[in-house]
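J.: Here is my input; please provide its structure:
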Amino acid sequence: MFALRSAKGAHAVVGGFVLPRWLRKPVRMVSRLRIDEINPPPFAATIATAILFSATGLYGGLQGGHLDEVVQATTSRVGFAINDVQISGNAETSEIDVLQQIGLDGWTSMVGFSAADARERITQLPWVESATVRKVYPGTVEVAIAERLPYALWQRGQTVSVVEKDGSIIAPYSRPHHSVLPLVIGEGANEIAPEIIALVEQVPQLKGRVKAYIRVAGRRWDLRLNNDVTIRLPERGYDLALQDAAALDAQYQLFSRAVTAVDLRIPDRITVAMTPEAAEERSEAFDAKLKALKKGARI
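T.: Model prediction:
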């Protein structure tokens, strides 16, 4: 009888059993370890517990479909929480509205934050034409906004809106500084107003004096001046009519007199409507002159 022994020791036999060849080397390595001499690092138990809980949370997030929330919570607590938002290019758009569209909750992580989704939400704001959103690690989000340009105020009934040059509505009129914009009134006036506004701006006697551009029956324009004088333009050729009106004003200060309307709708004819007070004074002056002529004739 003989016993099998390893050439490097008796570890081939354990407890009276002969170990398979593939287990002999691992057993020899374990036998050399002195467990009592191993000194674990400080807080090893705490670290192991944290790893265990983290692994458990990660597993639960995976199983429950909440991986995004788990990643956000974990990364925000290790120094990647968003703590600064820098906004530029906003004149009409409030920073509060932008922050609400970004959707931060105080614990939002840079890792889980989607700049593309935030950009899409920001561009839904009325005044925003386009926006760029950029993540700057470790905790800053930069937002650059390009806003839509207001061109005029458009009134339909009692509703007044701020519109772009192409007539697109931006937002309801609510801010006093927009009152300096040209006011266009009537259906469809918002889409074709740039032409008449540009023509008026070229007439020195009218530039800066038009209070409202009124579209009449979808065919022609009335101009309401800041002294409430109305200039009625023809359906066609109103560029020439404007030049004629300007010439009359330069010669007779027509737009500054006691008139309510200057009618240019009939070619080669200008009709002026006087204020009631001016008409009464003119009638009294005419009657006085007529009486004087009659008295002179009797003498």
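
J.: mind checking how far D249 is from L223?
T.: Here the criterion is Cβ to Cβ, to the nearest Å. By it, D249 lies 12 Å from L223. For every residue, glycine as well, the C-beta is placed using N, CA and C.

J.: who has more neighbours, the two?
T.: L223 (24 against 21; other Cβ atoms under 10 Å).

J.: what secondary structure does the more buried one sit in?
T.: strand (DSSP: H, G, I helix; E, B strand; the rest coil).

J.: The closest residue to it other than its chain neighbours: which element?
T.: Excluding the flanking residues, the one nearest L223 by Cβ to Cβ, 6 or more residues apart in numbering is I231, at 4.2 Å. Element membership of I231 [criterion: DSSP states H and E] is strand 230-232.

J.: ok, that strand: who's next to it in the sheet?
T.: Taking DSSP bridges as the criterion, strand 230-232 pairs within the sheet with strand 220-225 (antiparallel), strand 259-263 (parallel).

J.: Next, the residues that contact it from outside, please.
T.: Contacts to strand 230-232, defined as Cβ atoms under 8 Å, 6 or more residues apart in numbering, come from residues 220, 222-225, 245, 255, 260-265.

J.: returning to that earlier point: and the residue nearest to L223, bridged to which residues?
T.: Under the criterion used here (DSSP bridges), I231 is bridged to L223, V262.

J.: how far away is R220 from G167?
T.: Distance from R220 to G167, by Cβ to Cβ: 18 Å.

J.: P138 versus the residue nearest to L223, what's the distance?
T.: 64 Å.

J.: Neighbour count for the two, which is higher?
T.: Just comparing I231 and P138: by other Cβ under 10 Å the higher neighbour count belongs to I231, 24 against 13.

J.: quick one: pLDDT of that one?
T.: With respect to pLDDT, I231 scores 93.

J.: can you check A7 too?
T.: 40.

J.: Could you pull out the helices in the stretch 101-250 of the chain for me?
T.: Secondary structure of the stretch 101-250 of the chain (DSSP state H, counting those that start in this stretch): helices at 115-122, 189-201, 238-252.

J.: Between the ones you listed, which one is closest to R215.
T.: helix 189-201 (3.9 Å; Cβ to Cβ).

J.: which helices and strands does that closest one pack with?
T.: Counting contacts by 3 or more Cβ pairs under 8 Å, 6 or more residues apart in numbering; DSSP states H and E, helix 189-201 packs against strand 152-156, strand 183-185, strand 210-216, helix 238-252.

J.: of all the ones you listed, which lies closest to S88?
T.: Going by Cβ to Cβ, the one of the helices and strands packed on helix 189-201 nearest S88 is strand 152-156, 26.8 Å.

J.: Next, the angle strand 210-216 makes with that closest one.
T.: 40 degrees (axes from the mean of the first three to the mean of the last three Cα atoms, to 10 degrees).

J.: just to revisit the earlier point, for the contacts of strand 230-232, could you give me TSV that also reports distance to E235?
T.: TSV is the format used below for these (distance: Cβ to Cβ, whole Å):
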residue	distance to E235
R220	4
D222	12
L223	14
R224	18
L225	20
A245	16
F255	22
T260	21
A261	17
V262	16
D263	13
L264	11
R265	8
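
J.: Just put those in CSV and tack on pLDDT and distance to A116.
T.: Shown next, in CSV, are those (pLDDT from 0 to 100; distance: Cβ to Cβ, whole Å):
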residue, pLDDT, distance to A116
R220, 95, 49
D222, 96, 49
L223, 96, 48
R224, 96, 48
L225, 94, 51
A245, 84, 55
F255, 81, 56
T260, 89, 59
A261, 90, 57
V262, 90, 57
D263, 92, 58
L264, 90, 56
R265, 90, 56
